[in-house]
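Student: Sharing a sequence plus its predicted fold:
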Amino acid sequence: MISNTLYPTIYFSHFRVRRQFGDERAKMEKSVKIKNPRYKDWTSDEKIKEKRRQSCRSRIAVTSDPSGDPTLLVKNLHIKKLRKQNLFFGSIDSTPIFRYQLKNGKIMLFAVMLLLNGETLPQLFITIVRYVLPSEDHTVQKLLLLYLEIIDKTDGKGRVLPEMILICQNLRNNLQHPNEYIRGVTLRFLCRLNEVEIIEPLIPSIMSNLEHRNPYVRKNAILAVMSIYKLPQGEQLLVDAPETIERFLSTEQDPSAKRNAFLMLFNCAQDRAINYLLTNVDRVGDWGELMQMVVLELIRKVCRMNKGEKGKYIKIIISLLNAPSAAVVYECAGTLVSLSSAPTAIRAAASTYCQLLLSQSDNNVKLIVLDRLNELKSSHRDIMVDMIMDVLRALSSPNLDIQRKTIDIVLELITPRNVNEVVLTLKKEVMKTQSGELEKNGEYRQILIQAIHSCAIKFPEVASTVVHLLMDFLGDNNVASAVDVVIFVREIIETNPKLRVSIVTRLLDTFYQIRAARVCSCSLWIIGEYCLSLSEVESGISTIKQCLGDLPFFSVSEEEEAADSTKKPQLTNSTTISSRRPAILADGTYATQSAASETAFSPPTVVQGSLTTGNLRSLLLAGDFFLGAVVACTLTKLVLRLDEVQPSKVEVNKASTSALLIMVSILQLGQSSVLPHPIDNDSYHRIALCIRLLCNTGNAVRTIWLKSCHESFVQMLLDKQLREAEEIKAKSQISHLQPDDLIDFYHLKSRKGMSQLELEDEVQDDLKRATGEFVKDADDANKLNRIVQLTGFSDPVYAEACVTVHQYDIVLDVTVINRTKQTLQNLCLELATMGDLKLVERPQNYTLAPESSKQIKANIKVSSTETGVIFGNIVYETSNVLERAVVVLNDIHIDIMDYISPAVCGDAAFKTMWAEFEWENKVAVNTTITDEKEFLDHIIKSTNMKCLTAQSALDGDCGFLAANLREEADLINRITLKTCLEE
């Protein structure tokens with residue numbers, strides 16, 4: 001047996017060979033005797049040499065992963081056991097296999113992976129210095145630099161380890177290497193090196209690389225100089241670095257190197273960077289894209305520090321608006337908006353954003369630009385009003401999100417001057433959607449219809465130009481779009497009395513085209529409410545009869561056949577898909593609706609003599625008896641109004657008789673066995689009520705059906721307008737300036753040497769100060785409420801956290817203060833979570849000087865809205881104590897109720913969301929509150945939600961209350977709640 005002490009790698013390789021490759025291969029390996037090269041050189045016998053080479057190659061092939069992944073090597077060599085026995089990375093470095101893989105880069109890659117995962121490999125350093133430093137392979141050298149960057153180069157007291165001196169000569173050789181890549185990666189490595197003892201001997205070599213012929217080496221040398229100059233002792237190591245870089249900048253031609261040089265001056269010698277910029281201000285437009293981006297960053301920093309000098313820099317920004325790079329143009333516009341409030345500057349920025357909106361093909365870029373335009377709309381609405389047609393050109397994009405966001409921006413910029421142009425553009429877009437070339441034409445048409453609806457409500461004079469065009473889409477296959485059209489028509493016919501006759505006439509002409517039950521129901525309500533003249537009433541009754549077809553809806557033979565079929569096994573073509581489900585009404589309550597429309601069955605045969613089947617007849621035969629109840633109510637209203645406008649009682653009686661016949665036929669159809677589902681109780685009682693009313697009419701009945709219903713609808717529109725007005729008023733509130741803030745009067749200033757742009761900027765700044773539009777930080781007050789104390793005042797380390805919640809992220813901004821007179825080393829903020837929270841970053845170690853502070857940020861991902869807990873401790877070391885000290889932190893509770901804010905949405909949007917996320921649960925509440933309205937207020941106050949139901953709909957006392965609530969949360973997108981209370 002081969003000795004385990006002298007040949008550990010061979011022993012385990014032999015063991016693996018025996019397990020995986022059978023006894024024959026194991027016998028061959030066992031017969032080969034390899035001597036330790038430490039004690040005796042290889043024999044000169046050629047045959048023995050060849051056997052030894054084959055044996056080494058076979059072991060290398062066996063012990064390495066065929067795919068090149070060194071992680072399998074750990075698995076096969078049982079690395080954990082070897083580490084405990086001090087056999088790995090310590091005692092096997094003398095074997096040929098280890099040296100081969102070390103020089104080949106596999107062991108280096110594996111070591112880097114272990115170090116990144118938190119392992120410590122102190123015994124590996126000398127081995128790597130011995131075998132890897134001399135390597136000429138570029139990949140191995142790159143891995144070596146990564147390894148040197150990761151390992152700890154200092155001891156517990158912060159002093160550089162003595163063995164680190166061994167790498168200085170290698171780094172110097174790399175800095176003088178004939179290959180440009182080796183020089184470049186070594187210079188990049190020095191950018192991340194903080195140990196002065198290692199850097200100081202390398203400074204002459206670093207400075208000599210500034211004159212290298214290759215720009216790749218020069219630009220990395222500049223970055224190395226900048227990082228060294230930023231060190232605490234950097235100014236002593238590189239005394240004349242700013243002067244050297246400034247001379248370099250004046251002669252350099254490479255754009256990347258020139259950008260790095262200017263960046264170094266910007267960070268380390270800002271006055272020299274400003275002087276160079278102002279000296280070459282006429283040539284800024286000819287500089288490269290990277291250089292121009294640094295110039296903009298410098299201008300932003302300088303103007304924040306000294307606002308009085310921003311006039312001369314704004315000229316540079318405006319000159320860069322014509323740059324060929326889209327990134328530079330975008331940054332110019334953003335910088336211009338942040339620095340100046342002059343109308344000329346804002347108009348130039350808005351025009352730039354609009355050009356980017358059209359020139360860029362990336363949808364993500366367009367969405368970002370639209371966000372910037374939305375911000376401009378909030379702060380500079382008057383200027384954005386003039387750009388509304390340029391913004392509308394973004395509708396040419398086929399992306400639905402871009403179209404929706406564009407329309408949202410445009411709707412808030414509409415004025416009486418531009419409403420006609422906007423509506424005309426929207427009409428053209430609606431007509432384009434009829435082509436059907438795009439998949440989401442129906443959704444886009446719905447957005448356009450809602451936008452036109454909003455324009456017509458704000459400016460009634462444009463309603464006449466769009467209402468007849470939109471009524472062509474009442475029969476649209478997209479039900480949501482058709483519903484938006486009919487709701488728009490219902491509101492316009494009330495708010496624009498002049499259009500009533502034309503709308504009613506057009507609706508009666510196109511009613512037969514409607515195929516959706518919801519659209520038919522709303523259209524029938526409009527016909528019943530707004531058919532006022534004799535001709536309109538007669539046309540309404542005639543249209544309904546024509547769409548219902550001949551009566552009865554089924555024959556006796558059909559009923560007998562249907563009754564016989566129920567006794568027989570069900571046929572395959574009569575399959576029920578789902579059962580009944582409730583329908584959501586406008587007030588938030590439920591109405592029982594038969595799910596026959598969701599049932600696939602063979603429709604009954606129509607009565608002989610009916611040539612065509614009307615839309616109402618088809619829907620009734622499909623089992624939609626809620627629509628049948630609406631038909632009965634509409635006929636009742638029309639007959640009652642006919643009694644007022646028709647002098648002939650004979651005609652009134654005929655109309656009443658035919659209406660009663662229709663209602664009875666609907667009830668007969670609902671109670672027959674022709675349809676798989678009988679009529680629901682709500683619809684049955686509603687139709688029966690209409691029959692009783694037509695048989696016994698009175699003045700009280702007329703008042704309720706012909707006036708009270710209409711008055712309720714008018715009140716609903718008034719409540720809606722009142723809520724919208726309150727929202728607009730709340731948004732327009734401007735915070736006032738503090739009474740002790742200073743105001744500069746530009747009239748008393750000297751205008752000498754000021755351009756028109758600078759003068760406009762001064763005027764706008766003064767106006768903003770006077771009107772209170774300068775808000776320093778609106779989030780300061782809320783930020784104080786989000787601070788959580790983590791430690792006590794008597795603890796050696798005081799810590800507090802500011803909790804900021806975004807959509808799916810929680811950011812902890814922790815302030816740590818050293819309250820002792822000692823330096824705290826390796827201070828680490830260790831956090832853990834409970835619940836659906838997950839830490840994103842691993843904790844880092846910091847060094848805190850006596851009575852100093854440190855800002856530490858921790859990012860936490862949120863995967864659900866359940867309450868979570870963040871806990872942890874602060875661990876640190878001092879020079880006097882060998883053990884680590886621990887300060888336990890207070891828990892941070894993440895409660896969703898703390899991040900909920902009220903929100904508003906329309907009835908149609910609420911119904912859509914509720915249908916998409918329908919889930920309900922009946923809960924029995926034991927409370928001392930006896931009034932439903934009071935209990936609803938208690939729910940609103942406890943959940944911080946917004947009640948969408950109008951106040952007028954909540955009045956009265958009937959023992960039942962239904963309301964819709966809505967809110968938005970920072971952790972999720974939206975929360976909808978439907979509350980139904982009953983004693």
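Tutor: Arrived safely, thanks for sending. Small disclaimer: the values here were computed from a predicted structure and weren't measured. Numbers count the residues shown, from 1 in each chain.

Student: Give me the buried positions along stretch 854-872.
Tutor: 854, 856, 858, 860, 862, 868, 870-872 (16 or more other CB atoms under 10 Å). Any C-beta I mention is one placed from the backbone N, CA and C, and that applies to glycine too.

Student: Least confident of those residues?
Tutor: pLDDT across these is lowest for V862, at 74.

Student: was I right about that residue contacting L837?
Tutor: Yes - V862 lies in contact with L837 (CB atoms under 8 Å); the separation is 6.2 Å.

Student: Quick check: neighbours shared by these two?
Tutor: 810, 868, 894 (CB atoms under 8 Å, 6 or more residues apart in numbering).

Student: Could I get those residues in JSON lines, plus columns for secondary structure and distance to C520?
Tutor: Listed next are these as JSON lines, based on DSSP: H, G, I helix; E, B strand; the rest coil; distance: CB to CB, whole Å:
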{"residue": "I810", "secondary structure": "strand", "distance to C520": "49"}
{"residue": "G868", "secondary structure": "strand", "distance to C520": "49"}
{"residue": "I894", "secondary structure": "strand", "distance to C520": "49"}
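
Student: how close does the nearest residue to I167 once chain neighbours are set aside get to I128?
Tutor: Spatially, and ignoring its direct neighbours in sequence, I167 is nearest to L148 (6.2 Å; CB to CB, 6 or more residues apart in numbering). Per CB to CB, to the nearest Å, L148 is found 9 Å from I128.

Student: Neighbour count: these two, which is higher?
Tutor: When L148 and I128 are compared for neighbours, I128 comes out ahead with 24 against 20, by other CB atoms under 10 Å.

Student: Got the phi and psi for that one?
Tutor: phi -70, psi -40 (degrees, to the nearest 10).

Student: Do I have it right that it meets I151?
Tutor: No - under the criterion of CB under 8 Å, I128 makes no contact with I151, lying 9.5 Å away.

Student: Which parts of the stretch 851-983 of the chain are strands?
Tutor: 853-862, 868-877, 885-888, 892-894, 900-902, 946-947, 960-969, 975-982 (DSSP state E, counting those that start in this stretch).

Student: Dump those into TSV; add distance to T352 as well.
Tutor: Putting the strands of the stretch 851-983 of the chain into TSV (distance: least, CB to CB, whole Å) gives the following:
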stretch	distance to T352
strand 853-862	33
strand 868-877	43
strand 885-888	52
strand 892-894	41
strand 900-902	33
strand 946-947	38
strand 960-969	32
strand 975-982	38
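
Student: Out of the ones you listed, the one nearest K301 is which?
Tutor: Nearest to K301 among these is strand 853-862 (19.8 Å), distances taken as CB to CB.

Student: Show me what that closest one is packed up against.
Tutor: When contacts are defined as 3 or more CB pairs under 8 Å, 6 or more residues apart in numbering; DSSP states H and E, strand 853-862 packs onto strand 809-818, strand 824-834, strand 837-839, strand 845-848.

Student: Direction included, what does it pair up with?
Tutor: strand 809-818 (antiparallel), strand 837-839 (antiparallel) (DSSP bridges).

Student: need the strands for the stretch 351-500 of the chain, in chain order.
Tutor: Using DSSP E, counting those that start in this stretch, strands in the stretch 351-500 of the chain do not occur.

Student: quick one: low-confidence ranges for it?
Tutor: Low-confidence regions of the stretch 351-500 of the chain, defined by pLDDT under 70, span residues 436-439.

Student: could you pull out the helices for it?
Tutor: Using DSSP state H, counting those that start in this stretch, the helices of the stretch 351-500 of the chain run over residues 363-379, 381-385, 388-392, 400-411, 419-432, 441-458, 463-470, 479-495, 500-510.

Student: Let's have those in JSON lines, adding mean neighbour count and distance to F935.
Tutor: As requested, the helices of the stretch 351-500 of the chain are exported to JSON lines (neighbours: other CB atoms under 10 Å; distance: least, CB to CB, whole Å):
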{"stretch": "helix 363-379", "mean neighbour count": "17", "distance to F935": "38"}
{"stretch": "helix 381-385", "mean neighbour count": "16", "distance to F935": "42"}
{"stretch": "helix 388-392", "mean neighbour count": "19", "distance to F935": "46"}
{"stretch": "helix 400-411", "mean neighbour count": "18", "distance to F935": "36"}
{"stretch": "helix 419-432", "mean neighbour count": "17", "distance to F935": "44"}
{"stretch": "helix 441-458", "mean neighbour count": "21", "distance to F935": "34"}
{"stretch": "helix 463-470", "mean neighbour count": "19", "distance to F935": "41"}
{"stretch": "helix 479-495", "mean neighbour count": "21", "distance to F935": "31"}
{"stretch": "helix 500-510", "mean neighbour count": "17", "distance to F935": "42"}
